[in-house]
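Visitor: model the structure of this input:
(2 chains)
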Amino acid sequence: MPSFNERQALDGLQRLESQAISAIYDQYFSEVYRYVRYRINDNRTAEDIASDVFVRLLEAAQKRQGPQSSLKGWLIATASHAVNDHLRRQYRRPEEALSDAIPDGRPSIHSEVDLRERNRMVQSAYAQLTPEQQHVLALRFGQGYSLEETAALLKKNINAVKALQFRALASLQRQIGEVSHE
Amino acid sequence: MNNLYDALEICLREIERGASIEAVLLRYPDLADELRPILEASVDAANSAVPLPSETVIQRNRAKVLQQAAQMRDAKAKSSHRTWFVTLRRLAVTLTVLIVLSVSGTGLVRASSATVPGDNLYPVKRTWEDVLVAFTFNVQQRDALEVEHENERLQELQELFAEGRSAKVDFNGSIKSQNGNLWLVSNISVMISDQTELRGQGIGVGRAVRVKGTTQGNDNVVLAERIELLSAGAKLPDSDDEPELQQEKHEDPAQQFEDNSNSGKGSEEAQTVEESKTPESESDNTDESVQDGSNHTNPESDSDSNSNDSHDDSNDNSGSTSNDESSHNSTDPSGGGSSYDNSGGDD
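Guide: Have a look, this model is predicted:
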């Protein structure tokens, strides 16, 4: 696999070159999908949102409003906005509230009922966090990004991210406690 | 608090490398109670991480994105082909509109040129005058044009008097005499009433003023609504340079105006010392009368030998026009850029 040259890819993107678009997609789709899937407990929706992020990238590039430097930062930020929009729409339709379904690829055999129950509680608790708290946890624990990388993506300084992740985890722990008592 | 955040970060890194929660908490016994639930939550958060998408998912969405890109490319190509046609068509339409506008506009302006206040096309005439002034960039030519327009105002007044029409008028001039309520402003009789608004300090003989009022058709007089003192350098008509025109015009209308006109001229001659002329009518007179009036001489043109130059210079330096009722509004259209609401972008 040829090494990814971001500058070259961005230039090709402006001209809607298939080769550049393919290179960008191959480089980042999995990360974007993983981020979206962490925040939205539905495979199909996560897939749609992730691919839509790349379509938005094409549209933005055509309008010359696309990323100038950090492609990954632009994609993750756009994914975050798209997820927030999706969740907002979902909150307006309570009949389609957060699914308790066990996602594909998760253990589903009878012996792992406890783990499934724990996952369900964590997902319910996670859904109660603010978008910013969800975002930082998705980056740090869903994507496994370092503190420094997360700070760069959030455009915050490291100390601010340390405080944010502390509050997000404290909030998650509190919500798990509340969900488990329901 | 920073210690707590730092301790959490160190613990998270240790756990990521495989250490247990209890093991990492041994490093921070005083923070252990506070950190333990946070670290447990972090383990839950990490356990919720999802695997990478399957190859099927990747290929399916890859095709979707590339198809979208192909559609955009096609649309772009069609758009660029159409651009020439659209540009040519726009150019043709623009040229047609310009031709129609210039033909009809010129006709309108020509038709309005002979109008007087009260005529339907009179505003077109005044607007066209303003446009001409605005687009005359040579200062001397512009000054001459403005004086010409002020002469035209007086000409219009004579026509109104001749036709015995009442109409709203406004004109610039210098006060030649003040006989009670009847003033003579650039050879036009102006009637002052209690309702006349006088704007400015020191309105008197020799001062340049702007008169706004209504012609009294049968009396050859303008009933003044407002008389406003003009600033230095305001353009005045050069009516006194064309005495034969004034006299010729005055013969036709009612006798009263003729009397006023003649008496005005007579008194003007009699009062040469105290009166000041319009700057261009002063070529025969002294410089002092100009300075007593509204004009201030330019130090560079202080020579006694050239009073006309003195006037021209002061006008050149002022740059202001007397036609304060006409305004040129220019709107600055602002283009609003479209925004991409949901894109993160590099914001």
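Visitor: could you use CA atoms for every contact and neighbour count after this?
Guide: Fine.
Visitor: quick one: residues contacting B:Val147.
Guide: When contacts are counted by C-alpha atoms under 8 Å, 6 or more residues apart in numbering or on different chains, B:Val147 is found next to B:235-238.
Visitor: please identify which pair of those lies farthest apart.
Guide: B:Lys235 and B:Asp238 (9.3 Å; C-alpha to C-alpha).
Visitor: neighbour count: those two, which is higher?
Guide: B:Lys235 (28 against 21; other C-alpha atoms under 10 Å in any protein chain shown).
Visitor: my read: the more buried one touches B:Glu146, true?
Guide: Yes. Applying C-alpha atoms under 8 Å as the test, B:Lys235 and B:Glu146 come out as touching, 6.4 Å apart.
Visitor: do the lowest-mean-pLDDT helix or strand in chain A and chain B meet at all?
Guide: Ranked by mean pLDDT, DSSP states H and E, the weakest helix or strand in chain A is helix A:113-127, scoring a mean of 85. Yes. Using C-alpha under 8 Å from any C-alpha of the partner chain, helix A:113-127 reaches chain B at A:119, A:122-123.
Visitor: that older thread, can I get the contacts of B:Val147 in JSON lines with secondary structure and pLDDT?
Guide: Output for these, formatted as JSON lines (DSSP: H, G, I helix; E, B strand; the rest coil; pLDDT from 0 to 100):
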{"residue": "B:Lys235", "secondary structure": "coil", "pLDDT": "83"}
{"residue": "B:Leu236", "secondary structure": "coil", "pLDDT": "86"}
{"residue": "B:Pro237", "secondary structure": "coil", "pLDDT": "86"}
{"residue": "B:Asp238", "secondary structure": "coil", "pLDDT": "79"}
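Visitor: from those residues, which is closest to chain A?
Guide: B:Lys235 (53.4 Å; C-alpha to the nearest C-alpha).
Visitor: for B:Ala224, see how far away the closest one is.
Guide: 20 Å (C-alpha to C-alpha, to the nearest Å).
Visitor: also A:Ile76?
Guide: 75 Å.
Visitor: again with A:Pro67
Guide: In terms of C-alpha to C-alpha, A:Pro67 sits 68 Å off from B:Ala224.
Visitor: just to check, B:Gly118 is in contact with B:Lys168?
Guide: Yes. With contact defined as C-alpha under 8 Å, B:Gly118 reaches B:Lys168; the gap is 6.9 Å.
Visitor: need phi/psi at B:Met191.
Guide: The phi/psi pair for B:Met191 (degrees, to the nearest 10) reads phi -90, psi 130.
Visitor: on the strand side of things, show who it bridges to.
Guide: B:Met191 forms beta bridges with B:Leu182, B:Leu223, as assigned by DSSP bridges.
Visitor: just the pLDDT for B:Val124.
Guide: On pLDDT, B:Val124 comes in at 86.
Visitor: secondary structure element holding it?
Guide: Using DSSP states H and E, B:Val124 sits in helix B:122-134.
Visitor: what's that helix packed up against?
Guide: Counting contacts by 3 or more C-alpha pairs under 8 Å, 6 or more residues apart in numbering or on different chains; DSSP states H and E, helix B:122-134 is packed against helix B:55-112, helix B:139-163.
Visitor: any idea how far chain B is from A:Leu57?
Guide: To chain B, A:Leu57 is 8 Å away according to C-alpha to the nearest C-alpha, to the nearest Å.
Visitor: repeat for A:Ala125
Guide: 10 Å.
Visitor: number of nearby residues for that residue?
Guide: For A:Ala125, using other C-alpha under 10 Å, the count is 20.
Visitor: can I get the contacts of B:Val147 in JSON lines with distance to A:Asn84?
Guide: Putting the contacts of B:Val147 into JSON lines (distance: C-alpha to C-alpha, whole Å) gives the following:
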{"residue": "B:Lys235", "distance to A:Asn84": "67"}
{"residue": "B:Leu236", "distance to A:Asn84": "70"}
{"residue": "B:Pro237", "distance to A:Asn84": "72"}
{"residue": "B:Asp238", "distance to A:Asn84": "75"}
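Visitor: ok, so of those, who is nearest A:Ser80?
Guide: Of all those, A:Ser80 sits closest to B:Lys235, with 67.0 Å by C-alpha to C-alpha.
Visitor: ok so, going back, quick check: buried residues in the helix holding B:Val124?
Guide: Within helix B:122-134, the residues scored as buried using 16 or more other C-alpha atoms under 10 Å in any protein chain shown are B:122, B:124-126, B:128-130, B:133.
Visitor: give me the contacts around it.
Guide: For helix B:122-134, the external contacting residues (C-alpha under 8 Å, 6+ apart) are B:108-109, B:112-113, B:115-116, B:142, B:145-146, B:149, B:326.
Visitor: that helix vs helix B:55-112, what angle?
Guide: For helix B:122-134 against helix B:55-112, the angle by axes from the mean of the first three to the mean of the last three C-alpha atoms, to 10 degrees is 110 degrees.
Visitor: all the strands of the stretch 151-300 of chain B, residue numbers only.
Guide: With strands called from DSSP state E, counting those that start in this stretch, the stretch 151-300 of chain B shows them at B:168-179, B:182-185, B:188-191, B:197-199, B:208-216, B:221-229.
Visitor: of those, which is nearest B:Ala46?
Guide: Between B:Ala46 and the strands of the stretch 151-300 of chain B, the shortest separation by C-alpha to C-alpha is 82.5 Å, and it involves strand B:197-199.
Visitor: what packs against that closest one?
Guide: Short answer (3+ C-alpha pairs under 8 Å, 6+ apart): strand B:197-199 packs on strand B:221-229.
Visitor: so what touches the strand it packs on?
Guide: With C-alpha under 8 Å, 6+ apart as the criterion, strand B:221-229 contacts B:161, B:188-193, B:195-201, B:203, B:207-216, B:257.
Visitor: repeat for stretch A:174-181
Guide: A:121-122, A:124-126, A:128.
Visitor: so is stretch A:22-35 next to chain B?
Guide: Yes. Residues of stretch A:22-35 contacting chain B under C-alpha under 8 Å from any C-alpha: A:22, A:25, A:29-31, A:33-34.
Visitor: how much space separates B:Val147 from chain A?
Guide: If you go by C-alpha to the nearest C-alpha, the gap between B:Val147 and chain A works out to 54 Å.
Visitor: which ones are touching A:Tyr126?
Guide: Here A:Tyr126 is in contact with A:134, A:172, A:175 (C-alpha under 8 Å, 6+ apart).
Visitor: which element is the second one on?
Guide: Counting by DSSP H and E, the element that carries A:Leu172 is helix A:158-181.
Visitor: buried set for that helix?
Guide: Across helix A:158-181, burial judged by 16+ other C-alpha under 10 Å covers A:158, A:161-166, A:168-173, A:175-176.
Visitor: same question for stretch B:137-144.
Guide: B:142-143.
Visitor: C-alpha coordinates for that stretch, PDB please?
Guide: Provided in PDB are the C-alpha atoms of stretch B:137-144 (Å, rounded to 0.1, in the frame of the first residue of the first chain):
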ATOM      1  CA  PHE B 137     -14.200  64.900 -12.000                       C
ATOM      2  CA  ASN B 138     -12.400  67.900 -13.300                       C
ATOM      3  CA  VAL B 139     -12.900  70.500 -10.600                       C
ATOM      4  CA  GLN B 140     -13.100  73.500 -12.800                       C
ATOM      5  CA  GLN B 141     -15.500  71.900 -15.200                       C
ATOM      6  CA  ARG B 142     -17.600  70.800 -12.200                       C
ATOM      7  CA  ASP B 143     -17.700  74.300 -10.800                       C
ATOM      8  CA  ALA B 144     -18.700  75.700 -14.200                       C
END
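Visitor: tell me the mean pLDDT over it?
Guide: For stretch B:137-144, the mean per-residue pLDDT is 89.
Visitor: same deal with stretch A:52-72?
Guide: Stretch A:52-72 comes out at a mean pLDDT of 89.
Visitor: low pLDDT regions in chain A?
Guide: Scanning chain A for pLDDT under 70 picks out A:1-2, A:93-112, A:182.
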